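Novice: what follows is a predicted structure for the sequence shown.
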Amino acid sequence: MIKPFFGYAKPKFHYELLSTALPQPLTITVPPKVTLLLPREMGPEPSAALKPGTRVRTGQRLTWDDAPGPSIVSSVTGTIQAIAPQLGDYGRKFTAITIAVDARDEWDDAFGEACAKIDLQTLRDYLTGVPGAPALANLADPRHPIHTIVIYGGDTDLLVDTNLYVLKTQTVMVEKGIHALKEISGVEKVILAVPGESFQNFDGHLEADVRAVSNRYPYGQPLMLFYQLFGRILDQGQTFQSQGVAFMRAEAVASIGRALSDKRVPNEKLLTVLDKQGRKHLVLARIGTPVGTILKALNITLNDRDRLVFGGPMTGTAIYSEEQPIQSDSDAILVQDAADITLSSDYPCINCGECVRVCPSNIAVNMLIRYLENGQYQDGADLYDLYSCVECGLCGYVCSSRTPILQYIKLAKFELARTTPVEEENE
Ligand code: SF4
Ligand code: SF4
């Protein structure tokens, strides 16, 4: 049984709309070394193309070997110092490329030359890793033709300003990006979803169907946006892509517009940094910059047991080292003082019902979590609406037993996705 969304307890939080004067972001000085994550497992044999001592230029496409495949574009000019395997969330495998940075950028010309006659494959090869991480691979997959590109002009978590700031300050680049995406991909329908009162500023100016969406949390979560725009939810085995929809963020589309205007691959990521006092800072940093470099520039010091989080307060993921580099999809860094951290626990559920009251999808979270804690993921999906969950994190936020409910839910969906074939047919 799938229950309707929008339950009896309305979420109490709102995204901010940046209605006051927009601050200038602080540009972080390029650090002495950056680390880029190539989205593929490190090969068993050394790579001829990527090895310590190899020189790389800014904007140069780096692959493990000469074969077509996953790539990353260098954000700096310098010399490869180290190549190492790196594990991401849920077992995703990367190859970490650490580059000692030169004082000056020397730009690679290949992308500029390719701009003369650009196609979807070139766009995908060079711009998949630009700020905002556009889902360009999805546009080029013949198994799942895309009929609609949805661009979200807001941010998915609370207190994060990154994408709305880009939409408001780089509207011309967003416009160019939308035009290029339509022309190059052939996708005719583009929806720009804009939170709340920001709506009227964008309607009529862009080659997109501009739709206002609620600025109440968690209406900016992609699964919630899908429901608001298409009136249905994704079921087990379905993905946005299998439904013919590609999601992108405003920053990703602005990066595409800028790349084609400047004929250079953008390499500076905008981030919202939330410090221990709850103050916000907007920063611009080269992709691959260690988190510690950004904190130092903002005079934020970390003490024993303070916590660092990539992302916002509801859905962010803890990171364990200041050496962790920012990547193209790092929208926020949250720094929590040790004294303010609510630790997760393995206390049993006391059946207080808080999670059920707050859940916007009206899920019996207290029952669902019993199955997920015991690894009974399919039963959780069949009996307690796992796939109605929009991954907002509100349940974990209010949980009296401090159970990391969202993490259990994400793990369950990840495990089920590994064993459930994606639907081949579009509706
Ligand atoms: S994360 Fe929790 S509160 Fe949010 S939709 Fe999922 S089950 Fe409901
Ligand atoms: S909020 Fe936590 S303790 Fe309360 S019913 Fe939900 S899972 Fe159980």
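Specialist: Great, that's in hand. Ligands and ions are numbered 1, 2, ... in the order given.

Novice: can you map out the strands along the stretch 301-427 of the chain?
Specialist: With strands called from DSSP state E, counting those that start in this stretch, the stretch 301-427 of the chain shows them at 307-310, 317-319, 332-336.

Novice: the second one - what's its average pLDDT?
Specialist: The average pLDDT for strand 317-319 rounds to 89.

Novice: what pairs with that strand, parallel or antiparallel?
Specialist: According to DSSP bridges, strand 317-319 has the following sheet partners: strand 307-310 (antiparallel).

Novice: can you list the low-confidence ranges for the stretch 151-300 of the chain?
Specialist: 197-205 (pLDDT under 70).

Novice: what residue lies at the spatial centre of the chain?
Specialist: Nearest to the mean C-alpha position of the chain, by CA atoms, centre = their mean, lies Asp329 at 4.3 Å.

Novice: tell me the SS of the nearest residue to that one once chain neighbours are set aside?
Specialist: Distances taken as CB to CB, 6 or more residues apart in numbering place Ala133 nearest to Asp329, at 4.0 Å, with adjacent residues excluded. Using the backbone N, CA and C atoms, a C-beta is placed for each residue, glycine as well. For Ala133, the secondary-structure state derived from DSSP: H, G, I helix; E, B strand; the rest coil is coil.

Novice: in contact with Ala133, which residues?
Specialist: With contact set as CB atoms under 8 Å, 6 or more residues apart in numbering, Ala133 has these partners: Arg249, Ala252, Gln327, Ser328, Asp329.

Novice: again, only this time at 10 Å
Specialist: Shown here is Ala133, whose contacts under the criterion CB atoms under 10 Å, 6 or more residues apart in numbering are 127, 248-249, 251-252, 255, 269, 287, 327-331.

Novice: residue contacts, Glu373?
Specialist: Residues counted as contacts of Glu373 (CB under 10 Å, 6+ apart) are Asp346, Pro348, Cys349, Gly380, Thr403, Ile405, Tyr408.

Novice: make sure the third one is actually in contact with Asn366.
Specialist: Going back to what we said before, that points to Cys349. Yes: applying CB atoms under 10 Å as the test, Cys349 and Asn366 come out as touching, 5.9 Å apart.

Novice: which neighbours do the two share?
Specialist: Shared contacts of Cys349 and Asn366, defined by CB under 10 Å, 6+ apart, comprise Cys355, Cys399, Ser401, Thr403, Ile405.

Novice: got the contact list for the closest residue in space to Leu383 that isn't next to it in sequence?
Specialist: If the residues on either side of it in the chain are set aside, Leu383 comes closest to Tyr371, at 7.1 Å by CB to CB, 6+ apart. Contact partners of Tyr371, counting by CB under 10 Å, 6+ apart, are Tyr377, Gln378, Asp379, Gly380, Ala381, Asp382, Leu383, Tyr384, Leu386, Tyr408, Ala412.

Novice: out of these, which is most surrounded?
Specialist: Across those, the neighbour count under other CB atoms under 10 Å reaches its highest value at Gly380, namely 27 neighbours.

Novice: show me the contacts for that residue.
Specialist: In this structure, Gly380 makes contact with 363, 367-374, 386-387, 389, 408-409, 412-413, 416, judged by CB under 10 Å, 6+ apart.

Novice: how about JSON lines for the shared contacts of Cys349 and Asn366, with pLDDT and distance to Lys263 added?
Specialist: Formatted as JSON lines, the shared contacts of Cys349 and Asn366 follow (pLDDT from 0 to 100; distance: CB to CB, whole Å):
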{"residue": "Cys355", "pLDDT": "94", "distance to Lys263": "51"}
{"residue": "Cys399", "pLDDT": "92", "distance to Lys263": "50"}
{"residue": "Ser401", "pLDDT": "89", "distance to Lys263": "55"}
{"residue": "Thr403", "pLDDT": "91", "distance to Lys263": "51"}
{"residue": "Ile405", "pLDDT": "94", "distance to Lys263": "47"}
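
Novice: highest neighbour count among those?
Specialist: The most crowded member of the shared contacts of Cys349 and Asn366, judged by other CB under 10 Å, is Ile405 (27 neighbours).

Novice: does it touch Gly393 like I think?
Specialist: Yes: the pair Ile405 and Gly393 passes the contact test of CB under 10 Å, sitting 8.0 Å apart.

Novice: and of the strands of the stretch 301-427 of the chain, who's closest to ligand 1?
Specialist: With CB to the nearest ligand atom as the criterion, ligand 1 lies closest to strand 317-319 of the strands of the stretch 301-427 of the chain, at 14.3 Å.

Novice: buried sites along the closest one?
Specialist: Neighbour-count burial for strand 317-319 flags Ile319 (criterion: 16 or more other CB atoms under 10 Å).

Novice: Ser361 - nearest residue in space that isn't next to it in sequence?
Specialist: Counting by CB to CB, 6+ apart, the nearest residue to Ser361 once its immediate chain neighbours are dropped is Ser388, at 4.3 Å.

Novice: and Ile97, what helix or strand is that in?
Specialist: When secondary structure is defined by DSSP states H and E, Ile97 falls within strand 93-101.

Novice: CA atoms of the next helix or strand after that strand as PDB?
Specialist: Proceeding C-terminally, strand 93-101 gives way to helix 110-114 as the next helix or strand, assigned by DSSP H and E. The C-alpha coordinates for helix 110-114 follow below in PDB (Å, rounded to 0.1, in the frame of the first residue of the first chain):
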ATOM      1  CA  ALA A 110      41.200  20.800 -26.300                       C
ATOM      2  CA  PHE A 111      37.800  21.900 -24.900                       C
ATOM      3  CA  GLY A 112      38.000  25.300 -26.600                       C
ATOM      4  CA  GLU A 113      38.800  23.600 -29.900                       C
ATOM      5  CA  ALA A 114      35.900  21.100 -29.400                       C
END
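
Novice: and the residue of the stretch 151-300 of the chain nearest ligand 2?
Specialist: With CB to the nearest ligand atom, the shortest gap between the stretch 151-300 of the chain and ligand 2 falls at Pro218, namely 16.7 Å.

Novice: how far away is that residue from Leu167?
Specialist: 19 Å (CB to CB, to the nearest Å).

Novice: cheers, nothing more for now.
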